[in-house]
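Visitor: would you be able to build a 3D model of this:
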Amino acid sequence: MRAAVSQLRTVGEHVELELGDDLANSPRYNDDIAPTRATQRTWSKWHVASLWVGMAICVPTYTLGGVLTAYFGLSVAEALWTILIANIVVLIPLTLNAFPGTRYGIPCPVVLRASFGIIGSNVPSLVRALVACGWFGVQTLFGGIAIHLLLSALFPAWAALGGTGEVIGFFIFWIANIVVVIRGSESIKLLEALAAPLLLIVAIGLLFWALPKISVSALLAAPANRPEGAPLIGYFMAGLTAMVGFWATLSLNIPDFSRYAKSQRAQVLGQIIGLPLTMFLFAGLGVVLTAASVELVGEAISDPINLIGKIDSPFWVTLAMAMIILATISTNTAANIVSPTNVFQNVAPKIIDESRGVLLTGLIGIVLMSWELLKRLGWLDTDVSVESLYSNWLIGYSSLLGPIAGIMIVDYFLVRKQQYDVLALYQDNAGYPAWNAAGFVAFLVPVALTALALKLPVLSWFYTYGWFTGSILGGLLYYIVARKQ
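Guide: Numbering: from 1, shown residues only. A predicted model of the protein is given here:
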């Protein structure tokens, strides 16, 4: 029989909830966004590392190489350094924002209730969720192309479907992703552990296929695609901001995963082991092979799926596509479905459960990718490419997410001294305000400056370096305003 009043108890370094009727009946609570129990916190440092290997080894990571060289004016060597530095930098907010998730077992939207308010947390959460839904659509598109190429290699008649086959593949891949997430966190953990090595095998195979046909030294010595004599710093910082922006999303919702970690040590070491080197190696492979694709197959190709599709061997194409499909599902489920699912539940916990949150995420992903699906069906004519879309999107949305990351870190470590009233986070009028003015001042001021920077050349640096300027200013403003409340 359940007690009338909820209680907290400490289990090792974790805080665990003993649910009572007060929280069970609260409109801010449901079982899916409740604190994880100690028995659910089973992820070791190797599980966390596998999570990152599984998320980092994906098609968009590979295409970052082409984005940096084609859209940000960097040489191949400069792009490699930018990727490595960016992923060392992004470890800081990732590991720090993971702390409350590991200690209290709470997901990102509940963490945000402390700094933005019980109701106000929905604003930054929905900003994050919209981005995730967009990335879900992009990843599902890549997965759908892989399914189309796999079926084309197995059944030559399928290749005649062209773009229609890719759209059918999109929806097959969409269903597979939804099924995995609805099955729960243990399914994601097992999938990551299985899938992480597979795309790495594909990458190594691509490298062995390409190396005899290209000169790596010549590629590294190739000049940058920017005006002659233009200083490097501006291009480097824009590229660095975009690369940090690539994982700016996960730097917010990392509590969605760290709530399953065995310890703080496990989440910190797992992220250090899993992220920087994996991103550097796989994105670096993308830099090299994108630059070399003209020599390899006669045209510039910035993603491994279409590059593999050019290989004249149905067996190897089929095997590689099967591995890419599984690995891309692992990336998409962890990086792009878990977060918005928790966010939508945070909006209305008693109406939206995990299954409904997953389906809502999937439907929004279809809507956001509808223009590309219509384009591939031949029903819409547009020159906008997926690569150019997210090369511009990376800087833009990192400017929005940077202040939120800074606010979360400052709130937990400096303002609240690593202490949350977990019971109050799940109730109205129990200690946290419905709307926290400090959070919104610290968020809206950097966002307003970013908007001005798009119009005023004198402030263009604020947009170009958006994640850094936003996170520093947001954190500083939050500390000042919160201390005066």
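
Visitor: and residue 9, that's in a strand?
Guide: Yes - per DSSP: H, G, I helix; E, B strand; the rest coil, residue 9 lies within a strand segment.

Visitor: how about the contacts made by it?
Guide: Applying C-beta atoms under 8 Å, 6 or more residues apart in numbering to residue 9 gives the contacts 15, 16, 18. No exception for glycine: its C-beta is placed from N, CA and C like everyone else's.

Visitor: ok, so of those, who is nearest residue 152?
Guide: Of all the contacts of residue 9, residue 152 sits closest to residue 16, with 51.3 Å by C-beta to C-beta.

Visitor: quick check, pLDDT for residue 187.
Guide: With respect to pLDDT, residue 187 has a value of 64.

Visitor: before we move on, what about residue 66?
Guide: For residue 66, the predicted pLDDT is 69.

Visitor: pretty sure residue 177 sits against residue 144.
Guide: No - Residue 177 is not in contact with residue 144 according to C-beta atoms under 8 Å; the separation is 10.8 Å.

Visitor: re the thing from before, which of the contacts of residue 9 sits closest to residue 114?
Guide: residue 15 (14.1 Å).

Visitor: and the closest one, bridged to which residues?
Guide: Beta-bridge pairing of residue 15 under DSSP bridges involves residue 10.

Visitor: what about the stretch 151-300 of the chain, any weak spots by pLDDT?
Guide: 184-196, 199-200, 291, 300 (pLDDT under 70).

Visitor: which parts of it are helices?
Guide: 156-159, 163-182, 185-210, 216-221, 232-246, 248-253, 255-258, 264-274, 276-297 (DSSP state H, counting those that start in this stretch).

Visitor: with distance to residue 111 added, can I get those helices in TSV?
Guide: Below are those laid out as TSV (distance: least, C-beta to C-beta, whole Å):
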stretch	distance to residue 111
helix 156-159	46
helix 163-182	20
helix 185-210	17
helix 216-221	42
helix 232-246	20
helix 248-253	9
helix 255-258	5
helix 264-274	14
helix 276-297	24
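
Visitor: tell me which of the ones you listed sits most buried.
Guide: helix 255-258 (a mean of 29; mean count of other C-beta atoms under 10 Å).

Visitor: got the CA coordinates for that helix in PDB?
Guide: Extracted C-alpha coordinates of helix 255-258, given in PDB (Å, rounded to 0.1, in the frame of the first residue of the first chain):
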ATOM      1  CA  PRO A 255      20.300  14.300 -17.700                       C
ATOM      2  CA  ASP A 256      17.900  12.200 -19.700                       C
ATOM      3  CA  PHE A 257      20.700   9.600 -19.900                       C
ATOM      4  CA  SER A 258      22.900  10.300 -16.900                       C
END
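
Visitor: summarise which helices and strands that helix is packed against.
Guide: Counting contacts by 3 or more C-beta pairs under 8 Å, 6 or more residues apart in numbering; DSSP states H and E, helix 255-258 packs against helix 45-56, helix 91-104, helix 108-116, helix 338-347.

Visitor: who touches that helix?
Guide: 43, 48, 51, 97-102, 106-108, 111, 267, 334, 338-339, 342.

Visitor: off-centre distance for that helix?
Guide: How far helix 255-258 lies from its chain's middle: 13 Å, per C-alpha atoms, centre = their mean, to the nearest Å.

Visitor: list the contacts for residue 383?
Guide: Residue 383 neighbours (C-beta under 8 Å, 6+ apart): none.

Visitor: are we agreed that it is in a strand?
Guide: No - judged by three-state DSSP, residue 383 forms no part of a strand; its state is coil.

Visitor: hang on, the earlier thing: out of the contacts of residue 9, the closest to residue 250 would be?
Guide: For the contacts of residue 9, the nearest to residue 250 is residue 15 (23.3 Å; C-beta to C-beta).

Visitor: count of residues packed around that closest one?
Guide: Using other C-beta atoms under 10 Å, residue 15 has 18 neighbouring residues.

Visitor: and residue 401, by the same measure?
Guide: With other C-beta under 10 Å as criterion, residue 401 counts 27.

Visitor: one more: residue 470?
Guide: Using other C-beta under 10 Å: residue 470 sits among 31 other residues.

Visitor: how much space separates it from residue 343?
Guide: 20 Å (C-beta to C-beta, to the nearest Å).

Visitor: also residue 106?
Guide: Counting by C-beta to C-beta, the gap from residue 106 to residue 343 is 13 Å.

Visitor: let me know the closest of the contacts of residue 9 to residue 274.
Guide: residue 15 (25.6 Å).

Visitor: isn't residue 235 right next to residue 69, touching?
Guide: No - the pair residue 235 / residue 69 is not scored as a contact, 10.7 Å apart, by C-beta under 8 Å.

Visitor: got the phi and psi for residue 20?
Guide: phi -120, psi 180 (degrees, to the nearest 10).

Visitor: ok, what's across the strand from it?
Guide: residue 3.

Visitor: doesn't residue 29 make contact with it?
Guide: No - the criterion here is C-beta under 8 Å, and residue 20 misses it with residue 29 at 10.7 Å.

Visitor: neighbour-wise, which of these two wins?
Guide: Counted by other C-beta under 10 Å, residue 20 and residue 29 do not tie: residue 29 has more neighbours, with 21 against 15.

Visitor: what sits closest to the more buried one if chain neighbours are left out?
Guide: residue 426 (4.5 Å; C-beta to C-beta, 6 or more residues apart in numbering).

Visitor: contacting residues around the one you found?
Guide: Residues counted as contacts of residue 426 (C-beta under 8 Å, 6+ apart) are 23, 26, 28, 29, 34, 110.

Visitor: and what about the fourth one, helix, strand or coil?
Guide: Spelled out, it's residue 29. On the basis of three-state DSSP, residue 29 is classed as coil.

Visitor: list phi and psi for it.
Guide: phi -130, psi 140.

Visitor: gap between it and residue 3?
Guide: 15 Å.

Visitor: for residue 38, see how far away the nearest residue to residue 238 once chain neighbours are set aside is.
Guide: Take residue 238 and drop its neighbours on the chain: the residue closest to it by C-beta to C-beta, 6+ apart is residue 464, 5.1 Å away. Distance of residue 464 to residue 38, computed by C-beta to C-beta: 45 Å.

Visitor: between the two, which one's more packed in?
Guide: Neighbours per residue, other C-beta under 10 Å: of residue 464 and residue 38, the larger number sits with residue 464, 19 against 16.

Visitor: surely the more buried one meets residue 239?
Guide: No - the pair residue 464 / residue 239 is not scored as a contact, 10.1 Å apart, by C-beta under 8 Å.

Visitor: helix or strand right after the helix or strand residue 305 falls within?
Guide: Taking DSSP states H and E as the definition, residue 305 sits inside helix 304-309. For helix 304-309, the succeeding helix or strand toward the C-terminus, using DSSP H and E, is helix 314-332.

Visitor: next, the angle from that next one to helix 163-182.
Guide: 50 degrees (axes from the mean of the first three to the mean of the last three C-alpha atoms, to 10 degrees).

Visitor: just the CA atoms of helix 314-332, as CSV, please.
Guide: This file holds the C-alpha atoms of helix 314-332, laid out as CSV (Å, rounded to 0.1, in the frame of the first residue of the first chain):
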residue,chain,number,x,y,z
PRO,A,314,26.0,-5.6,-54.5
PHE,A,315,27.4,-7.8,-51.6
TRP,A,316,29.4,-5.0,-50.0
VAL,A,317,26.7,-2.4,-50.5
THR,A,318,24.1,-4.7,-48.9
LEU,A,319,26.3,-5.5,-45.9
ALA,A,320,27.4,-1.8,-45.4
MET,A,321,23.8,-0.5,-45.7
ALA,A,322,22.5,-3.1,-43.1
MET,A,323,25.1,-1.9,-40.6
ILE,A,324,24.4,1.8,-41.4
ILE,A,325,20.7,1.2,-40.9
LEU,A,326,21.2,-0.4,-37.4
ALA,A,327,23.8,2.2,-36.4
THR,A,328,21.6,5.1,-37.5
ILE,A,329,18.7,3.8,-35.5
SER,A,330,20.9,3.8,-32.4
THR,A,331,21.9,7.4,-33.0
ASN,A,332,18.4,8.6,-33.8
